[in-house]
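J.: Please find the sequence and the predicted model below.
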Amino acid sequence: MTSVDWLEVRLSGPAELAARAELVLHSHSFPGWVDEEPPTGFGFLLYLPQEPGWQERLSYLRQALPEARIDTGNQVRDEDWAENWKQFYHPLEVGRNLVICPSWEKFSPRPEQKVVILDPGSAFGTGYHWSTRLCLEFLEEVAPRQPMLDLGTGSGILAIAAAKLGVSDILAVDNDPVAVKVARENVDINGCQMRVELAEGAEPAGYALVTANLIAALLVEKAAELQQCLAPGGQLICGGIIRERKQEVVDALSATGLVLEGAKEREEWVSLLWRRAQ
């Protein structure tokens, strides 16, 4: 990406609107956002890159969330954007032994802890959002299983965590060139060996483990593809599901013959664990 300025955007509203606001941001590839945790309701701070089409993206945000208040603020130079983001992002302990640590922070792990060093850039997947954290919790429970496919890898966080947990045969794919670039950089930072490819999906290949932290609509659309990617007995971890759309995803994946083995829910977000029958 060439150097651009970033527009500071603040999004706020009643608490019951927060999950839908997150879904809108996630599903339309807005860069990472920060929960400012106001006394009442919700408040998100995000930075919108002022590249061609940015006015349309801002207009879409207003149309998709008419009940929310959307305020624009300062322009931030490209070289300052990362520094602004860093002040909100610190080491995060997830599950039993996983730690997500930004590349600019120092962390002294306990012997049993596995540290994922991450520079999220403008790709989705910091570990702070519940859609990612719940998938990481499931991943810690079922890994290592090989080979593994991470569909929609974003920053590469799930694939790298899997490598830290002992998975050695991993393919990570994303249809966003920026995400692929960021994921490859994070793979290098962590000293992991895996393939990271630009692709819309994956060919059926008998994976023992598939992770798909997407959104409900994509999980429904790709239900058959996800089932076909799994080997008999293989497991699927899927996330990015808002609670009100959980049943829609359950119905779609169940219709392919997959068996639901577990569900985790936090703050309106759901992740599911599935198995393909033998």
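T.: On my side now, so go ahead.
J.: Show me this structure divided up by domain.
T.: Per automatic domain parsing, the structural domains of the chain span 6-81, 125-275.
J.: Determine which stretch of those domains is the most buried.
T.: Most buried of those, by mean neighbour count (mean count of other CB atoms under 10 Å): domain 125-275, with a mean of 20. No exception for glycine: its C-beta is placed from N, CA and C like everyone else's.
J.: before we move on, which element is Leu48 in?
T.: strand 42-49 (DSSP states H and E).
J.: and the helix or strand that contains Val187, what's its mean pLDDT?
T.: Using DSSP H and E, Val187 sits in helix 177-189. Taken as a whole, helix 177-189 has an average pLDDT of 89.
J.: what's whichever helix or strand comes after that helix packed up against?
T.: Sequence order places strand 195-198 as the next helix or strand after helix 177-189, per DSSP H and E. Using 3 or more CB pairs under 8 Å, 6 or more residues apart in numbering; DSSP states H and E as the contact test, the elements touching strand 195-198 are strand 170-174, helix 177-189.
J.: List the pairing partners of strand 195-198 within its sheet, with orientation.
T.: Strands adjacent to strand 195-198 in the sheet, as given by DSSP bridges, are strand 170-174 (parallel).
J.: end-to-end on stretch 45-59?
T.: Stretch 45-59 has its terminal residues 17 Å apart, counting by CA to CA, to the nearest Å.
J.: Between helix 177-189 and the strand holding Leu48, find me the angle.
T.: Using axes from the mean of the first three to the mean of the last three CA atoms, to 10 degrees, the inter-axis angle of strand 42-49 relative to helix 177-189 is 100 degrees.
J.: same for strand 42-49, what does it pack against?
T.: On the basis of 3+ CB pairs under 8 Å, 6+ apart, strand 42-49 makes packing contacts with strand 6-13, helix 18-27, strand 33-35, helix 54-64, helix 78-86.
J.: No more questions from me, cheers.
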